[in-house]
Every structure is written in structure tokens, then in C-alpha cells.
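> Let me see the structure of the following:
(chains A and B)
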Amino acid sequence: EPEVTQTPSHQVTQMGQEVILRCVPISNHLYFYWYRQILGQKVEFLVSFYNNEISEKSEIFDDQFSVERPDGSNFTLKIRSTKLEDSAMYFCASKGRGGPSSYNEQFFGPGTRLTVL
Amino acid sequence: AQTVTQSQPEMSVQEAETVTLSCTYDTSESDYYLFWYKQPPSRQMILVIRQEAYKQQNATENRFSVNFQKAAKSFSLKISDSQLGDAAMYFCGSGGGADGLTFGKGTHLIIQP
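Numbers count the residues shown, from 1 in each chain, chains lettered A, B, ... in the order given. Reported below is the predicted structural model:
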């Protein structure tokens, strides 16, 4: 069964450093998402991406964040200058065809745990 | 804007019994869907059940069913014949089409053998 994959599973970085979290969505999916979950809290939406551009972003997704689909398979989240409060689990998700009004399931990857020291 | 409220931080149930997890929501969308995701200790997000808001019939997936009350904006999850493998965090949420999903704070479900 196709699945969303994410690398690395755990990333440790120093405050102020740049990190890139990588995701490989399911191959025929068109909509891509990043979510964040601070330990013990709810899962929060960051950004959605469709047709090579951001379609929606939350208040959390400020100028230190960026997303990119550099090739036909990868979807990346870059955090330019990490802060302590960026420590969280970051989930990538993808959704298949059916148009923007369809209710296809969002499939989540296993997450990348980011620790900022 | 959408908000989702789960008022039960933790629930406990005996194995083989039935438990209901509560969820209320608010949305300005006219076209939306609701869902429950399960998050075991591995922290993987697994879809349990989904309900399109325009459908009147409550969704069912094996031992999992929902009670969708659209006017009351209520969407509870019933788990029948609880099993040890059901122990997890359960997140209720809503979404509209291609939008990002909005989750509640979660309910920690404990299954007692």
C-alpha cells in the first residue's frame, strides 16, 4: 500500500540553524500539507500546497518557514533560523485527486521529530 | 474559521466494553467534513472514520461509529467491543475540501484489561 514517507525521523539542531525536513508524498497525489504537533498538544496546520504554490497557510507559518517541491517526488519544509519553540513533531500529509471539493483522506507520514537546542 | 473542542482529556474503558468520545465543532464553511484520527504512542496519525457533512447517515467502520448531530454541531465517536490496541490519543477534526485540517486537543483513551 502506498504511503507518505518522511526523513529524517529525528533531527537535532542548534538554535539559529536552518533545517530542511523532507517528505515524499504518495505518487499520484496533488495536494500536500505540513502540520506541527508540539509535545502534548494538538496537531496544528501549517501550510497547504497545490499546483506548485502555497494555497493556504496558518498564522504559525511566518517568514521563517518555506516550502518547496523541488522535483516530482519530494516536498520540503525549510525553517530558516530555528528557535527553541520550533521543537515539535512535523507531519507531512498528501491528498489525492478528486478536485478541491472532494473529501479524499489526507494520508499522514510518520513525522519528523525536531529538537532545537 | 473552524474550531474543534474535545472536552474529555482522558477516558478509560474496560476491554470489550463500549466507549463514546465527545467532540463539538464550529465552522463557517457550508461544505465540510468531519473525522477522527487515532495517534498511538508511535505518533503516527491514522484515520479512523470520516463523515461528509451533507450526508445524514452516520458513518460506520467496523467497531467504530459516529453520532453526527449537524444542528448541534456535535460529532461523537463510539468504539464498541474495545480492544487493547485501541489505546491511543484520538483527535476529532474538521476540514473543507483541499483545506488544511483543524484538530481538537485530543482525548487519551485508556483500555483496561
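> Please read off the pLDDT at residue A:2 from the model.
The per-residue pLDDT reported for residue A:2 equals 79.
> swap that for residue A:97, sorry
The model's pLDDT for residue A:97 equals 66.
> The residue nearest to residue A:69 when sequence neighbours are not counted pairs with what?
In this structure, residue A:69 finds its nearest non-sequential neighbour in residue A:75, 5.2 Å apart by Cβ to Cβ, 6 or more residues apart in numbering or on different chains. C-beta here means a position set from N, CA and C on the backbone, and glycine is covered the same way. Applying DSSP bridges to residue A:75 gives these bridge partners: residue A:23.
> who touches the residue in chain B that chain A sits nearest to in this structure?
For chain B and chain A, the shortest gap (Cβ to the nearest Cβ) falls at residue B:100, measuring 3.3 Å. For residue B:100, the contacting residues are A:33, A:35, A:45, A:46, A:47, A:48, A:56, A:58, by Cβ atoms under 8 Å, 6 or more residues apart in numbering or on different chains.
> what does chain A have sitting close to chain B?
Applying Cβ under 8 Å from any Cβ of the partner chain, we find that chain A lies next to chain B at A:31, A:33, A:35, A:37, A:41-48, A:50, A:55-56, A:58, A:89, A:91, A:93, A:95, A:99-103, A:105-108, A:110-111.
> Verify the contact between residue B:86 and residue B:107 for me.
No. Here residue B:86 does not reach residue B:107: they are 11.8 Å apart, not a contact under Cβ atoms under 8 Å.
> just for chain A, where's the confidence low?
A:97-104 (pLDDT under 70).
> Of all the residues in it, which one is nearest chain B?
For chain A, Cβ to the nearest Cβ, closest residue to chain B: residue A:45, 3.3 Å.
> pLDDT at the closest residue to residue B:1 other than its chain neighbours, what is it?
Excluding the flanking residues, the one nearest residue B:1 by Cβ to Cβ, 6+ apart is residue B:28, at 6.0 Å. At residue B:28, the model reports a pLDDT of 84.
> For residue B:28, give its distance to residue B:73.
According to Cβ to Cβ, to the nearest Å, residue B:28 stands 12 Å off from residue B:73.
> more crowded one of those two?
Comparing residue B:28 with residue B:73 by other Cβ atoms under 10 Å in any protein chain shown, the one with more neighbours is residue B:73, at 18 against 8.
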